[in-house]
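**Q** Here is my input, please return the structure:
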Amino acid sequence: MNDSSWQPEPVPAGPAYDAQVGPHTRPMPIVPDAAGRDFDDREARDRGAASDGGFPFRADTPPQEPMPSPPPPHAEHPQDSSPPPQKKRAGRDLRAAIGVGVGLGAVIFASLLIVKAVFVGVVVVAVVVGLWELTSRLQEQKGIKAPLVPLAVGGAAMVIAGYVRGAEGAWVAMALTVLAVLVWRMTEPPEDYLKDVTAGAFAAFYVPFLATFVAMLLTADDGPQRVITFLLLTVVSDTGAYAVGWRFGKTKLAPRISPGKTREGLFGAVAFAMVAGALCMEFLIDGGAWWQGLLLGLAVAVSATLGDLGESMIKRDLGIKDMGTLLPGHGGIMDRLDSLLPTAPVVWLLLAAFVGTG
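**A** Below is the predicted model of the structure:
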């Protein structure tokens, strides 16, 4: 708005003016402004005096306070603007997760009931896919080039050697796989050699070597029942942790690693796994006792939780949520193997101590 819109009209002099403004009113002197136009005194102009029917406001009239604006409709009832309480929701598509889980379970049980070697083939496929996911994420997120070819070949050989020759065969295949990784990486420039072969050795131990204990469980006379016990206890532990943690979880277990895990969920995992362990040792394992199942279930709950936290640590370091997208509702193969891999040697060792390896 320009200055002319704020300019009052000239004030007439004489009695008429005095009569209209009152006998006790001091007439304001007319002072030319910087542009040479007649205006009221500086105080009135600073107050932003305006004309009203051709007569300016008096200089001694205090400026009127602005009328307060009415509050918005929602301000009268602030409680109405608060968002409704959110219900707890699962972070994944439960329908897809359940469907994929049922499908994987059907494949595993069918292979166990047909021929043991078929199940070993299923383990080999899972190991190779898991190695592919792990090495791909390492290269994408960290620029680490762990050689996949020797890892995949050596990992498959490791599982088969463990099934055929036991722990001795697994260790020999592990050593040869690491050696193959060292040699394979020599065909590329020396930059980051140590970093790449270290990641390759870690991948060889983390995925195929730990999975070898699953194949070793199968070599016993009641091998299928031992594998079923191993899988069932791990799944029950995860389910108990999820169910109890989702319903009652309040105290974080490891907030910097996995904020969703709670101590209450861990107690649920232990309780569920111990009950399932007692039932499995009593009815599935030859020569087993229910009290052994309690110890087995406790160990499985702890190892499965640590395995899950371990992979969460890896994924946080890589800055990813899932290792892959192969399994809808689950992520990748490695996202399903996280609690299984470290649990396999624990189950194998305890069953060997309780009822032997035969």
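**Q** CA only for contacts and neighbour counts going forward, please
**A** OK.
**Q** Determine the set of other helices and strands touching the longest strand along the chain.
**A** The longest strand of the chain (DSSP state E) is strand 258-262. Contacts defined by 3 or more C-alpha pairs under 8 Å, 6 or more residues apart in numbering; DSSP states H and E place strand 258-262 against strand 252-254, helix 290-318.
**Q** give me that answer again for 7 Å
**A** strand 252-254 (3 or more C-alpha pairs under 7 Å, 6 or more residues apart in numbering; DSSP states H and E).
**Q** ok, and what's touching the strand it packs on?
**A** Residues from elsewhere that reach strand 252-254, judged by C-alpha atoms under 7 Å, 6 or more residues apart in numbering: 259, 261-263.
**Q** And the residues you listed, which of them are buried?
**A** Among the contacts of strand 252-254, the ones that count as buried by 16 or more other C-alpha atoms under 10 Å are 261-263.
**Q** Point to the residue nearest the middle of the chain.
**A** By C-alpha atoms, centre = their mean, the chain has its centre lying nearest to Lys321, at 5.4 Å.
**Q** if we can go back for a sec, for Leu340, state which of the buried ones among the contacts of strand 252-254 is nearest.
**A** Nearest to Leu340 among the buried ones among the contacts of strand 252-254 is Lys261, at 17.5 Å by C-alpha to C-alpha.
**Q** okay, now the spatially closest residue to that closest one that is not a sequence neighbour: neighbour count?
**A** Leaving aside its chain neighbours, Lys261 sits nearest to Leu253 (5.6 Å; criterion: C-alpha to C-alpha, 6 or more residues apart in numbering). For Leu253, the count of nearby residues is 17 (other C-alpha atoms under 10 Å).
**Q** about what we covered before: please name the residues that touch the residue nearest to the centre of the chain.
**A** Applying C-alpha under 7 Å, 6+ apart, the residues near Lys321 are Lys315.
**Q** Could you look up the SS state of it?
**A** Classification of Lys321 using DSSP: H, G, I helix; E, B strand; the rest coil returns coil.
**Q** On the pLDDT front, check it for me.
**A** Lys321 carries a pLDDT value of 91.
**Q** Now it. Its backbone dihedrals?
**A** Backbone torsions for Lys321, taken as degrees, to the nearest 10, come to phi -90, psi -40.
**Q** what about it, distance to Gly166?
**A** Taking C-alpha to C-alpha, to the nearest Å as the measure, Lys321 falls 35 Å from Gly166.
**Q** swap in Pro224?
**A** 16 Å.
**Q** got it, and Met216?
**A** Counting by C-alpha to C-alpha, the gap from Met216 to Gly166 is 6 Å.
**Q** neighbour-wise, which of those two wins?
**A** Met216 (27 against 18).
**Q** Give me the nearest residue to the more buried one, chain neighbours excluded.
**A** Closest to Met216 by C-alpha to C-alpha, 6+ apart is Tyr163, at 5.2 Å.
**Q** measure that neighbour to Ala96 for me?
**A** 33 Å.
**Q** Looking at those two, which is more packed in?
**A** Comparing Tyr163 with Ala96 by other C-alpha under 10 Å, the one with more neighbours is Tyr163, at 23 against 14.
**Q** The more buried one contacts Ala220, correct?
**A** No. Applying C-alpha atoms under 7 Å, one finds Tyr163 not in contact with Ala220, separated by 10.1 Å.
**Q** Going by contacts, tell me the helices and strands next to the host helix or strand of Ala278.
**A** According to DSSP states H and E, Ala278 maps onto helix 263-283. Helix 263-283 sits against helix 223-248, helix 290-318, with contacts defined as 3+ C-alpha pairs under 7 Å, 6+ apart.
**Q** switch to 10 Å and redo it
**A** Under the contact definition 3 or more C-alpha pairs under 10 Å, 6 or more residues apart in numbering; DSSP states H and E, helix 263-283 sits against helix 223-248, strand 252-254, helix 290-318, helix 340-355.
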